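K.L.:
give me a 3D structure for the following:
(2 chains)
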Number of protein chains: 2
Amino acid sequence: MKVRSVALALVHHPIIDRRGDLVATAVTNLDIHDLARTARTYGVSRFYLVTPLEEQQRLVQRIIEHWREGYGANYNPHRAEAFRLVMTVASLEDAMLDWQGETGRPLRPILTGAARTDGISCRQCAGLLAEHDLLLVFGTGWGLAPELFERGWTVLEPVVGAGDYNHLPVRAAVAIILDRLLGRPVQ
Amino acid sequence: MKVRSVALALVHHPIIDRRGDLVATAVTNLDIHDLARTARTYGVSRFYLVTPLEEQQRLVQRIIEHWREGYGANYNPHRAEAFRLVMTVASLEDAMLDWQGETGRPLRPILTGAARTDGISCRQCAGLLAEHDLLLVFGTGWGLAPELFERGWTVLEPVVGAGDYNHLPVRAAVAIILDRLLGRPVQ
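P.N.:
Have a look, this model is predicted:
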């Protein structure tokens, strides 16, 4: 099966907080590192950090440059390689525009959320990947805002472990979903 | 297939650093949170934080108590549930003794390492799990020290993604291996 490209988005707005209020979360250094390394491991083409806050975009840019070109690139060349995937954008729409501009192809968003009950399986998602470039969209805070789920975009079923405890760190959820989708063709 | 129990160990000594020297790494707050939540999601019975440094053990104990009984337990009850799995021990041998004392059964260590070429597959590991309680052992820093691999313990093959880039964060590796071993019985 021919597989198209996969991109990743980590959204910092629009996000809900623990009370369900709409917020913009702060970018964390560790999320960038972990997701960049995991994305690189699974051959992901681009990792979009989504935040409309310009101050946060500048912060991320400084971190990226440190690891991609600065002292960090010498200290840890593998990290530099992972950081080449990272790009800041103000919105998911900007991510899709960037992709279209770079590749000439549309990027189809796939939303994730631990509480969703309307999602397609990883196997179905792998089927989509034969035909489309996919943008796997993950939330921070208490998850992607409801308004994102009102756009008619495809939703992926949540990761279920051994029971009903459903509070995976986003760093773990990204790793598991990339592994289910792109890892181990033969099991 | 009957499945026995799985425990997790995150080792801070003996570990090698980037030069290959033997070190004790510092415990990080985020590793405890991420691994506890991931372990709880997959029904892991115990998460041993392995460090012989007493000052570090006290630090971990304070973090555990904050989330299990203190302010954190009220703020986030799900976190409290995950933290009930966490226990500090000085060595892997102490983890095995603790398990034997608690359950009356031996705990069989399974070592992990990104550079190993002598490992069993996840499928073979799942086979072992039908007969034994398993202790999945993960390193920090640049990985578990060679001396641990000289004890005749079973080794698990590394996680391979889409290519030869092999620098997953331990937080991601734990999530992927638990998912391969304990997640998705039907795929």
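K.L.:
could you give the angle of the helix or strand where residue A:177 lies to helix B:170-182?
P.N.:
In this structure, residue A:177 sits in helix A:170-182 according to DSSP states H and E. Angle, helix A:170-182 to helix B:170-182, by axes from the mean of the first three to the mean of the last three CA atoms, to 10 degrees: 50 degrees.
K.L.:
and helix A:170-182 with chain B, contact?
P.N.:
Yes: for a cut-off given as CB under 8 Å from any CB of the partner chain, helix A:170-182 has contacts with chain B, namely A:171, A:172, A:173, A:174, A:175, A:176, A:178, A:179, A:180, A:182. C-beta here means a position set from N, CA and C on the backbone, and glycine is covered the same way.
K.L.:
mind giving me the packing neighbours of that helix?
P.N.:
Applying 3 or more CB pairs under 8 Å, 6 or more residues apart in numbering or on different chains; DSSP states H and E, one finds that helix A:170-182 contacts strand A:6-11, helix A:29-41, helix A:122-128, strand A:133-139, helix B:29-41, helix B:170-182.
K.L.:
what comes up buried for whichever helix or strand comes after the fourth one?
P.N.:
Using DSSP H and E, the helix or strand that directly follows strand A:133-139 along the chain is strand A:154-156. Taking 16 or more other CB atoms under 10 Å in any protein chain shown as the neighbour-count basis, strand A:154-156 is seen to contain the buried residues A:154, A:155, A:156.
K.L.:
of those residues, which is the nearest to residue A:127?
P.N.:
Residue A:127 lies nearest to residue A:154 out of the buried residues of strand A:154-156, by CB to CB, at 11.2 Å.
K.L.:
ok, back up a step: I'd like the average pLDDT over the helix holding residue A:177.
P.N.:
Mean pLDDT, helix A:170-182: 96.
K.L.:
gap between it and the chain center?
P.N.:
In terms of CA atoms, centre = their mean, to the nearest Å, the centre of helix A:170-182 is set 10 Å apart from its chain centre.
K.L.:
got the angle for it vs helix B:29-41?
P.N.:
Using the same axes, to 10 degrees: helix A:170-182 against helix B:29-41 is 50 degrees.
K.L.:
distance of residue A:137 from residue A:121?
P.N.:
As judged by CB to CB, to the nearest Å, residue A:137 and residue A:121 stand 17 Å apart.
K.L.:
of those two, which one has the most company?
P.N.:
Legend: neighbour count by other CB atoms under 10 Å in any protein chain shown for residue A:137 and residue A:121, higher for residue A:137 (25 against 13).
K.L.:
span of stretch A:106-125 from start to end?
P.N.:
Here the two ends of stretch A:106-125 are set 16 Å apart, with distance taken as CA to CA, to the nearest Å.
K.L.:
neighbouring contacts of that stretch?
P.N.:
Contact with stretch A:106-125 is made by A:7, A:9, A:92, A:95-96, A:99-100, A:128, A:132-139, A:143-144, A:148-149, A:153-159, A:166-168, A:173, A:177, A:180-181, B:187, as judged by CB atoms under 8 Å, 6 or more residues apart in numbering or on different chains.
K.L.:
among these, the buried ones, what's the ChimeraX command?
P.N.:
One line in ChimeraX is enough to select the buried ones among those; burial here means 16+ other CB under 10 Å:
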select /A:7,9,92,95,96,99,128,132,133,134,135,136,137,138,139,143,144,148,154,155,156,157,158,159,167,168,173,177,180,181
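K.L.:
hmm, the lowest-mean-pLDDT helix or strand in chain A in reach of chain B?
P.N.:
Across the helices and strands of chain A, mean pLDDT, DSSP states H and E gives its lowest value to helix A:71-75, namely a mean of 85. No: counting by CB under 8 Å from any CB, chain B has no neighbours in helix A:71-75; the shortest distance is 8.8 Å.
K.L.:
and the next helix or strand past that helix?
P.N.:
Moving toward the C-terminus from helix A:71-75, the next helix or strand (DSSP H and E) is helix A:77-83.
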